[in-house]
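**Q** kindly generate the corresponding structure for this input.
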Amino acid sequence: MKILVVGSGGREHALVWKLRQSPRVTEIYCAPGNAGISGLATCVAIGATDIEALADFAQQKGVGLTVIGPEVPLSLGIVDYFEEKGLRVFGPRRNAATLEGSKVFMKDLLEKYHIPSAFYATFTDREEALGYVEKQSAPLVVKTDGLAAGKGVVVAQTIAEAKVAVNLFMKEKAFGEAGSRVVIEEFLCGEEASFLAFTDGETVLPLPTSQDHKAIFDGDKGPNTGGMGAYSPAPVVTEALHRQVMETVMLPTVKGLAAEGCPYKGVLYAGLMIDKGVVKVLEFNCRFGDPEAQPLLMRLRTDLVEVMEAVIDGRLSEISLEIDPRPTVCVVMAAGGYPGKYENGKVIHGLAKAGEHKDVVVFHAGTAWQGDAVVTNGGRVLGVTAIGDTVQDAIGKAYKATEEIGWEGCYYRKDIGRKALDRK
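**A** Numbering: from 1, shown residues only. Presented below is the predicted three-dimensional model:
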């Protein structure tokens, strides 16, 4: 079987790496891919949002399965278009992907189906939003309604900061039309966890738990990023909490979407806040997380092609996931200046040496070839991912490999996985 993976990040590198392990796969294409992916798949110079060109390519090459990595093509309806062309594709249709594409849609759905989340209000008028903020007590969370690459969220510690965020989104249009409507919601205390599951619209098959590290600096300080590292499992999610998440969040969400005429097929990712044994939903994503995909797919032993085909065919109830019991840790290496301004084109040293480390895979995110050199080509550049007998072991392996790699301005957090150790 020929497979096409759409996207160019660390998540897509992890998907290509995992799909290549299937005995059913003969060839993998990735559009547009990156320098690391080019060693495992044929990279094709088609953008992830060029839906017609991607479908034409899939038809010409006889692609048997297309896997959509990022959120933007899903929200643009790539799955609907591929299905209309008779192509098999893994991911939710456009109406179901609105769960991530519109935070207002998500919050309204959660409220309607009594799925626990923060209280909220939505605004299209900036003055009304500012007036609402003045009547609240800090901290508050201000979010763009639309997609903003994981950066359209401001946790405002003061009312003044919340007003700045409203103006940033609605007046200065920092994220374009994504901020023409905003959600202002209660700040939730606790510890975050990521809960991902495969679903065919009826059966919900959970992956292991994981935890992302959103903030740029150690100790969860500084602005939010697309994710600076992740580990799996997340000890904060106990067996009892796992049941609570399935019963109060995942199953009701899938049923609610079906009831709204938006049946969901694909990976459903719930970003959760856990406080004193109670779970609330922060957000939903309609695809694998990045960087969560890297540690999760390293633990998955089941053939990913089999799982994805069962989702498409509505027979996920026939599948059970085999998971490596050992923990995994991913350390994201970023460009200096990220998530603000940064420069591309810095030559990356030490990749071959890091790649020799046992139980480690260096997943590429923002990389490109420049002649014979691999150079930086994005804010998040690499995801150094390791598996170990214990969390401490996996952390040690990941950081030893990370120390082999460098480029001008390279930055990474030094505390990925610390919360898991603190719970021991």
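**Q** for Met308, which non-adjacent residue is spatially closest?
**A** Nearest-residue entry for Met308: Phe90, 4.5 Å, with adjacent residues in sequence omitted and distances by CB to CB, 6 or more residues apart in numbering. (Each C-beta comes from the backbone N, C-alpha and C, glycine too.)
**Q** Gln392: neighbouring residues, count only.
**A** Counted with other CB atoms under 10 Å, the neighbours of Gln392 add up to 15.
**Q** for Arg418, see how far away it is.
**A** According to CB to CB, to the nearest Å, Gln392 and Arg418 sit 10 Å apart.
**Q** from Pro339, how far out is the residue nearest to Cys410 when sequence neighbours are not counted?
**A** Leaving aside its chain neighbours, Cys410 sits nearest to Met333 (5.9 Å; criterion: CB to CB, 6+ apart). Distance of Met333 to Pro339, given as CB to CB: 14 Å.
**Q** with Val6 instead?
**A** Separation of Val6 from Pro339 (CB to CB) stands at 24 Å.
**Q** out of those two, which sits in the more crowded spot?
**A** Using other CB under 10 Å as the criterion, Val6 and Pro339 rank with Val6 on top: 31 against 20.
**Q** wait, Lys346 touches Ile405, no?
**A** No. At 11.8 Å, Lys346 does not count as touching Ile405 under the criterion of CB atoms under 8 Å.
**Q** wait, what's in contact with Glu192?
**A** Contacts were defined as CB atoms under 8 Å, 6 or more residues apart in numbering; by that measure Glu192 touches 211-212, 214, 271-274, 282.
**Q** give me the secondary structure label for the residue nearest in space to the middle of the chain.
**A** Nearest to the mean C-alpha position of the chain, by CA atoms, centre = their mean, lies Gly289 at 1.8 Å. Here Gly289 is coil, with the state taken from DSSP: H, G, I helix; E, B strand; the rest coil.
**Q** who's in contact with it?
**A** Gly289 makes contact with 11, 194, 196, 210, 212, 227, 230, 269, according to CB under 8 Å, 6+ apart.
**Q** show me those that map onto helices.
**A** Mapping the contacts of Gly289 onto helices (DSSP state H) picks out Arg11.
**Q** closest one of the contacts of Gly289 to Ala174?
**A** Nearest to Ala174 out of the contacts of Gly289 is Gly227 (CB to CB; 19.8 Å).
**Q** state the pLDDT value of that closest one.
**A** Predicted confidence (pLDDT) for Gly227: 93.
**Q** what about it, distance to Ile51?
**A** Relative to Ile51, Gly227 is positioned 26 Å away (CB to CB).
**Q** surely Lys265 is in contact with Gly201?
**A** Yes. Lys265 is within contact range of Gly201, at 5.5 Å (criterion: CB under 8 Å).
**Q** so which bits of the helix or strand harbouring Ile216 are buried?
**A** Under the criterion of DSSP states H and E, Ile216 resides in strand 215-217. For strand 215-217, a neighbour-count test (16 or more other CB atoms under 10 Å) marks 215-216 as buried.
**Q** strand partners (parallel or antiparallel) of that strand?
**A** Within its sheet, strand 215-217 is paired with strand 221-224 (antiparallel), according to DSSP bridges.
**Q** for Leu321, give me its contacts.
**A** Shown in contact with Leu321 (CB under 8 Å, 6+ apart): 205, 207, 300, 302, 307.
**Q** just give the nearest non-adjacent residue to the second one, would you?
**A** Going back to what we said before, that points to Leu207. In this structure, Leu207 finds its nearest non-sequential neighbour in Leu196, 4.5 Å apart by CB to CB, 6+ apart.
**Q** what residue ranges in this protein score low on pLDDT?
**A** Low-confidence segments of the chain, defined by pLDDT under 70: 424.
**Q** would you map out the domains in it?
**A** As recorded under automatic domain parsing, the domains making up the chain are 2-93, 125-180, 191-318, 328-422.
**Q** closest one to His114 among those domains?
**A** With distances scored as CB to CB, the stretch of the domains of the chain nearest to His114 is domain 191-318 (7.4 Å).
**Q** can you give the distance from the closest one to the centre of its chain?
**A** Relative to the centre of its chain, domain 191-318 is centred 9 Å away, using CA atoms, centre = their mean, to the nearest Å.
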